[in-house]
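S.K.: Let me see the structure of the following:
(2 chains)
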Amino acid sequence: MLKLTTIVHEEAKATKKLLDDISLKQASSEHYDRLLKFLNSLCDEVIELTNAIGLYLSSTNDPQQKEVLQTWLIFGSYVIRQINDYCSSFEHAEILSVPTAIRLLLNKLLTAVTNRKAFIIRGDTEFNYTYQPIGARLNELALQLSRSITPLEESFAVLIFPIAYSKNVMADCNLVHEMGHLIVDGEKLTVKLESSLPPELKKTVADTIERHARNGKQLNFYFVQRKDKMNQILNHWIHETLADFVAILLIGPCSLFSFMKLIEPLGAHDRDDDEHPCTSIRIKMMLAILQKLKWDDVINKECPHVWKRAIEIASRGRHSDPEYNAAAECLPLIEDYIYNVALALCNRYVYAPNKFIAVKEDIYALLERGIPPAEKCASSSTLGAVDIIDPESIINGGWIFYENDFPKWNDFYGKLDHTEKTDFLNRLIGKAIEVSFVEEARNKDGSTCSKSDTQ
Amino acid sequence: MAVLAASQILNRLHIEDPRDPRRLYIMPTPKRSDVKDASIDLVLGNYFIVTKTAKFSILDAGEGETKKNIALYQEKVFIPFNYSLVLHLGTFVLGVTWQYIGMPDDLFAEVFSRSTWGRAGLTVATAVSIHPGFCGCLTLELVNNGNAPLALRPGARIAQIIFFDVQAGDGKPIPIRASKYCGLIEPDFSRLYEECEELKGWKNIGINLQL
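M.R.: Okay, the predicted model is just below:
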């Protein structure tokens, strides 16, 4: 028993050392520090626990008490192992690994729609974008150890991007979808959604699920089990669709473009799973919302081949297990309902096509010249502050420029291959977004120089 | 080559047609206070490369391990606008301008320290020439030649750029590959290793001619 106490104590001390080492790195946000401090407090509690148990054991031989203490030690060790798992959250979360432009954009969007914005962004060697909610789980562990630890925000999350894309600002707009999960979770909508469906829709959904659960057979023992599973799948899919819709509402068509870039290489491997509908369903729903927001005209005018490609993907056949058919049938039926929930979630903050149309020519012209499209071109000849281009338009303009195969760049930068052009474009878009944020702040307290000032 | 006066620089900056090949770009557009009689002040950006000398003996372009040595020698750091990087006596770091410059093909420019910083002991650039057609943020080679450590704060007006007319401009755009450091927005590690092949030729001459 004393041996077990020593082992857990050693584990906790080694973990504490690891956390100390991490704390010496350059943080990327206040939430990075916040999570680190929280894990440190958990670690301290386990160390204190092992100290107290060690002391107690030296003065008692009560076997019943020993059994209780052993359970505590095993729990302490479990907490330490969990802390070690969460330490991966700090890998590639430093300021140089996370694209600054995306960090600024996510902060702006979250500030616009909610006051819950506890998250850290980190890179991972897995080639995917992921949302990892950790607040509730960690708070649960902390509560069992001690009531004196200040809890994390319940919706505290880690947003993960592929570290290979740490310089690919345009592909990283996929993180806005992951941020959508954070917004949905922050509002605890997963639970609310089931109960808030309008009565007639609720009945249609229930009937559809029942029909699929019966599968043409009489009621049997497995019926309830199947029905529950199908309901659960539908709930997850609604959550996923909500995150897709939130991303489209907040940043427009570039969320579709970046999603397509991520999933197109998956080809035939793409199938429904418990958490996500397959790509064809997701793209179909995304196209419907883009049409509702009148983005289809813009995309069809600026890069019609992308719209066509998206329709082709949306009309692909599904190759999935029958247990997903109920959710696949229900999802389009409640599309409008999900859209309205997403709209409410975004606090009616919608990035609309007219905002993009007003600046698109400036963006294209600047990109053609290899200049970050951060300011409107004509504005610099008028008195007063320069007109800054908004980050959402910059990133959408960048995507359209990319999808149109870098117009005019063959004249200027003909020697660059496709990858070099993509890297160059990402640098221009990243720089433009940084300039847009900084100059907007600077414009508030000073004006830029105009031609007429020196004449 | 004639130096451009402030009004001429602004004329170039404010050409309305963004596709006009004579248009000069400084992004973001300079503030009133940044424009001087014949120059524009440039501001320090957030990215730096600091050097670590303990892990190897020498940077030698003629040596096969140069690329690896350069990676060991330099480390990229990000300093937010509300922090500073301390430049100790005799130390060398690479910085970058916050402004992104897009040169037309009939202008040439040079970058110098602002005298305010020069008097404090700071040299901001040794590779001062900016060629026609260049685009990118400018890498600044910062050395503290003074007697006291200097705090370098992103946002500080640290350098000035002076523009010259190039008479022989033929109106054709100059490809980005004209310089190996074009189009960058962060300081780039030295690519001394790219000169290794070139030096091999000289090495062979030495072997063959004993010269």
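S.K.: for the chain, where's the lowest mean pLDDT among helices and strands?
M.R.: Let's take chain A. Across the helices and strands of chain A, mean pLDDT, DSSP states H and E gives its lowest value to helix A:189-196, namely a mean of 65.
S.K.: Run the chain-centre distance for the next helix or strand after it.
M.R.: Where DSSP states H and E defines the elements, the next helix or strand beyond helix A:189-196 is helix A:199-214. The gap between the average C-alpha position of helix A:199-214 and the chain average comes to 31 Å, counting by CA atoms, centre = their mean, to the nearest Å.
S.K.: what do you get for stretch B:60-73?
M.R.: The chain centre lies 21 Å from the centre of stretch B:60-73; the measure is CA atoms, centre = their mean.
S.K.: where does residue A:175 fall, helix, sheet strand or coil?
M.R.: Assigned state for residue A:175: helix (three-state reduction, DSSP: H, G, I helix; E, B strand; the rest coil).
S.K.: Also the one 4 residues further on?
M.R.: Secondary structure for residue A:179, judged by three-state DSSP, is helix.
S.K.: and chain B, which of its residues are near chain A?
M.R.: Within chain B, the positions near chain A by CB under 8 Å from any CB of the partner chain are B:6-7, B:10-11, B:13-14, B:16-19, B:23, B:25, B:27-35, B:46, B:76-78, B:80-81, B:98, B:100, B:102, B:135, B:137, B:173, B:175-177, B:183-185. The C-beta positions use only the backbone N, C-alpha and C, and glycine is treated the same way.
S.K.: hmm, which of those residues are the buried ones?
M.R.: Neighbour-count burial (16 or more other CB atoms under 10 Å in any protein chain shown) applied to the residues of chain B next to chain A gives B:6, B:10-11, B:13-14, B:18, B:23, B:25, B:27-31, B:34-35, B:46, B:78, B:98, B:100, B:102, B:135, B:137, B:173, B:176, B:183-185.
S.K.: Filter these down to just the ones in helices.
M.R.: Using DSSP state H, the members of those that fall in helices are B:6, B:10-11, B:13.
S.K.: So residue B:69 sits against residue B:61, correct?
M.R.: No: under the criterion of CB atoms under 8 Å, residue B:69 makes no contact with residue B:61, lying 10.3 Å away.
S.K.: quick one: which of these two has more around it?
M.R.: For residue B:69 and residue B:61, the more surrounded residue by other CB atoms under 10 Å in any protein chain shown is residue B:69, and the numbers stand at 19 against 16.
S.K.: mind checking which helix or strand that one is in?
M.R.: With DSSP H and E as the test, residue B:69 turns up in helix B:66-73.
S.K.: Mind checking the pLDDT average for that helix?
M.R.: When pLDDT is averaged over helix B:66-73, the result is 74.
S.K.: could you say what helices and strands the helix or strand hosting residue A:20 packs with?
M.R.: Using DSSP H and E, residue A:20 sits in helix A:2-23. Counting contacts by 3 or more CB pairs under 8 Å, 6 or more residues apart in numbering or on different chains; DSSP states H and E, the secondary-structure elements packed against helix A:2-23 are helix A:30-57, helix A:63-86.
S.K.: Deepest in the core, which of those helices is it.
M.R.: Each of the helices and strands packed on helix A:2-23 was given a mean neighbour count from mean count of other CB atoms under 10 Å in any protein chain shown, and the largest, a mean of 19, is that of helix A:30-57.
S.K.: Quick one: low-confidence residue ranges for chain B.
M.R.: For chain B, the stretches flagged by pLDDT under 70 are B:55-57, B:63-65, B:126-127, B:168-182, B:189-190, B:192, B:195-196, B:198-199, B:202, B:210.
S.K.: For the residue nearest in space to the middle of chain B, name its beta-bridge partners.
M.R.: Taking CA atoms, centre = their mean as the criterion, residue B:139 is the residue nearest the geometric centre of chain B, at 2.9 Å. Using DSSP bridges, the bridge partners assigned to residue B:139 are residue B:96.
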